[in-house]
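Trainee: I'll drop the sequence and a predicted model, then ask my questions.
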Amino acid sequence: MNKFITQKIGALAGFSDEILKILASFDADVSNVRLALQISKNAPLADKILDLAFCGLSKFSAEGLARQNFTAANGRCYLQSTEPVKSIGCHLQDAANDWLQNECTSSEQKGADLAGRSDSLKFNHSNDANGANCSDENFKFNLSQAASDTQQQNQHAAAKADCALGSSISAQAERAPGREQIQTQQQKQEQEWERAQEQGQEQGAAALKTLNLQQPFGNLQRAFELYGREQMRAFFLFAIFDEMLKPSLQAYRIDREKLTQVSLLRNLLMFSWIKSYPQIEQSILSSVILVEFGRVFIDEQVCAAGKAEEFYHAIKGSIFPQDFTDVEMKFCGTNRESVSHALFAHFGLEQIAQDELYSNAPDDVPFENKSRYAMLKIAKTAVNIYHHFDELSIDNALNLLVEFGFEQEAFLEAKGEISI
């Protein structure tokens, strides 16, 4: 690691207490409901996670991917007939589109567009219910649920999401004569509030009391049901580092939006692929979505040296992960794997740091089980910043599957569940 990058990483502030508490909850025996509640208190962070979950799904996921994880959503949802199965992808995409449209409408009403909102997580929301001013170093906010802003629109979007999620709140209300949807939602809120009180979480219970189920808390619950805990942890960490580093790779000619798309695409490939390999820990989902953040510091050094144009012409033809490494080593004396290792170790994410370090060289792993690192390398080969599932990248990935002893059929099935 060179001095320039070491100093840049060393200057980064650690996670705030709030972020550390949420990370600890992911690792502890805390329910998904309480996790959703914790995250929803930070409205800007919740918005970014929901944007990844819903918009990422609508852009890249074939309906089979949604259906597979839907059936395993903690036993809370059940397929009622074959018709919902056929339409689940459509309903989820509609719900995602409505959710995004509502966010845009709300932002316009407040005099700021959605892009401006996503560029910074440091703005305030008021909460007249308790006046709690919760702030920290990475995310500054006031706890709020402005239920009146887009309530009717969000109810419409949530209803569509509920259609895709089987026996959900709106479906139950439809089937139960004399029971309105809002009554069902209020009852669920009261149950969660009482449970929080019993567990001694007075502050959490008070906050939950003010939440509207159709606002971030309810949407986060649905995302947990759809994706599962480890995938939501991956989205959470990506949102944190994306806001912290604001990656725009000028020397690579890859902007922030494109980098997000590449990261999501690779993550969703792994999300589907590891279903065929239950021995692989799902924590790999966080590692695979965070791969590209090491490039931020390489890009900064190249640009500072005035070599951005030369660097781009050298790296734009890269296909294999090693091709990128060779160019990065030539210009910076280090590569994204080493930089990513240092970055995530700095934040105490040791497993992710180790994954990134060996993701390009599984044979160098100093222990017997290399499958996890081989899967990371294959995913990086199939999807890189310049090639996404094209003929060449797929052929190279298939060759690596043979080399590391993986079934090609399972990989191709996973790839087939992603639409681009």
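Mentor: Arrived safely, thanks for sending.
Trainee: how many residues are close by Leu249?
Mentor: 22 (other CB atoms under 10 Å). Heads up, the C-betas are built off the backbone N, CA and C, glycines and all.
Trainee: need the contact list for it.
Mentor: 255, 259, 295-296, 299, 385 (CB atoms under 8 Å, 6 or more residues apart in numbering).
Trainee: again, only this time at 10 Å
Mentor: 255-256, 258-259, 292, 295-296, 298-300, 302-303, 308, 312, 385 (CB atoms under 10 Å, 6 or more residues apart in numbering).
Trainee: relative to Glu310, how far out is it?
Mentor: For Leu249, the distance to Glu310 equals 15 Å [CB to CB, to the nearest Å].
Trainee: doesn't Glu413 make contact with Lys275?
Mentor: Yes - with contact defined as CB atoms under 10 Å, Lys275 reaches Glu413; the gap is 9.1 Å.
Trainee: for these two, indicate the residue with more neighbours.
Mentor: Shown here are Lys275 and Glu413; by other CB under 10 Å, Lys275 has more neighbours (18 against 15).
Trainee: and the pLDDT at the closest residue to Asp255 other than its chain neighbours?
Mentor: Spatial nearest neighbour of Asp255, chain neighbours left out: Ser248 (5.5 Å); criterion: CB to CB, 6 or more residues apart in numbering. We have a pLDDT of 91 for Ser248.
Trainee: distance of Ser248 relative to Glu300?
Mentor: Taking CB to CB, one finds Ser248 at 10 Å from Glu300.
Trainee: tell me the secondary structure at the nearest residue to Val262 once chain neighbours are set aside.
Mentor: Nearest residue to Val262, sequence neighbours excluded (CB to CB, 6+ apart): Ile385, at 5.4 Å. Three-state secondary structure (criterion: DSSP: H, G, I helix; E, B strand; the rest coil) places Ile385 in coil.
Trainee: could you do Val30 as well?
Mentor: Counting by three-state DSSP, the backbone at Val30 sits in coil.
Trainee: who's in contact with it?
Mentor: Val30 makes contacts with 22, 24, 37-38, 229, as judged by CB under 10 Å, 6+ apart.
Trainee: burial of Glu368, as a residue count?
Mentor: For Glu368, the count of nearby residues is 6 (other CB under 10 Å).
Trainee: next one: phi and psi at it?
Mentor: The phi/psi pair for Glu368 (degrees, to the nearest 10) reads phi -70, psi -50.
Trainee: so it versus Pro362, what's the distance?
Mentor: Distance, Glu368 to Pro362, by CB to CB: 12 Å.
Trainee: can you check Gly405 too?
Mentor: From Gly405 to Pro362 the distance is 11 Å (CB to CB).
Trainee: any common contacting residues for the two?
Mentor: With CB under 10 Å, 6+ apart, Gly405 and Pro362 have common neighbours 370-371, 374.
Trainee: neighbour count added to those residues, as CSV?
Mentor: Listed next are those as CSV, based on neighbours: other CB atoms under 10 Å:
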residue, neighbour count
Lys370, 17
Ser371, 17
Ala374, 21
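Trainee: now Phe297. Nearest residue, chain neighbours left out?
Mentor: Ile5 (4.5 Å).
Trainee: what count of nearby residues applies to the one you found?
Mentor: 22.
Trainee: what strand or helix carries it?
Mentor: Per DSSP states H and E, Ile5 falls inside helix 3-10.
Trainee: which helices and strands does that helix pack with?
Mentor: In this structure, helix 3-10 makes packing contacts with helix 295-304, helix 336-346, judged by 3 or more CB pairs under 10 Å, 6 or more residues apart in numbering; DSSP states H and E.
Trainee: export those helices as JSON lines, with columns for mean pLDDT.
Mentor: JSON lines is the format used below for these (pLDDT from 0 to 100):
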{"stretch": "helix 295-304", "mean pLDDT": "96"}
{"stretch": "helix 336-346", "mean pLDDT": "96"}
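Trainee: deepest in the core, which of these is it.
Mentor: helix 336-346 (a mean of 23; mean count of other CB atoms under 10 Å).
Trainee: can you put the shared contacts of Gly405 and Pro362 in CSV and add distance to Ala28, pLDDT and secondary structure?
Mentor: As requested, those are exported to CSV (distance: CB to CB, whole Å; pLDDT from 0 to 100; DSSP: H, G, I helix; E, B strand; the rest coil):
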residue, distance to Ala28, pLDDT, secondary structure
Lys370, 30, 90, coil
Ser371, 27, 94, helix
Ala374, 30, 96, helix
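Trainee: of all those residues, which comes closest to Glu328?
Mentor: Using CB to CB, Ala374 comes nearest to Glu328 of the shared contacts of Gly405 and Pro362, at 21.4 Å.
Trainee: across the sheet, point out what pairs with Ile418.
Mentor: Ile418 has these beta-bridge partners by DSSP bridges: Ser61.
Trainee: where does pLDDT dip in this protein?
Mentor: Regions of the chain meeting the criterion pLDDT under 70 cover residues 1, 56-214, 420.
Trainee: I'd assumed Phe271 was in contact with Lys415.
Mentor: No - Lys415 lies out of contact with Phe271 (CB under 10 Å); the separation is 11.9 Å.
Trainee: so for these two, which sits in the more crowded spot?
Mentor: Shown here are Lys415 and Phe271; by other CB under 10 Å, Phe271 has more neighbours (27 against 18).
Trainee: was I right to think that one contacts Gln231?
Mentor: Yes - in terms of CB under 10 Å, Phe271 counts as a neighbour of Gln231; the distance is 5.9 Å.
Trainee: the helices in the stretch 151-300 of the chain, which residues?
Mentor: Under the criterion DSSP state H, counting those that start in this stretch, helices of the stretch 151-300 of the chain are mapped to 151-164, 169-175, 181-198, 202-210, 216-227, 229-245, 256-273, 284-289, 295-304.
Trainee: pull the CA atoms of stretch 306-321 into PDB?
Mentor: In PDB, the C-alpha atoms belonging to stretch 306-321 read as follows (Å, rounded to 0.1, in the frame of the first residue of the first chain):
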ATOM      1  CA  GLY A 306      -2.500  14.200 -13.700                       C
ATOM      2  CA  LYS A 307      -2.600  10.800 -15.400                       C
ATOM      3  CA  ALA A 308      -6.300  10.200 -15.700                       C
ATOM      4  CA  GLU A 309      -6.400  10.200 -19.500                       C
ATOM      5  CA  GLU A 310      -3.400   7.800 -19.800                       C
ATOM      6  CA  PHE A 311      -4.800   5.600 -17.100                       C
ATOM      7  CA  TYR A 312      -8.200   5.300 -18.800                       C
ATOM      8  CA  HIS A 313      -6.700   4.300 -22.200                       C
ATOM      9  CA  ALA A 314      -4.600   1.600 -20.400                       C
ATOM     10  CA  ILE A 315      -7.500   0.100 -18.400                       C
ATOM     11  CA  LYS A 316     -10.500   0.400 -20.700                       C
ATOM     12  CA  GLY A 317      -9.700  -2.800 -22.400                       C
ATOM     13  CA  SER A 318      -9.500  -4.900 -19.200                       C
ATOM     14  CA  ILE A 319     -11.600  -8.000 -19.100                       C
ATOM     15  CA  PHE A 320     -10.200 -10.300 -16.400                       C
ATOM     16  CA  PRO A 321      -9.900  -9.100 -12.800                       C
END
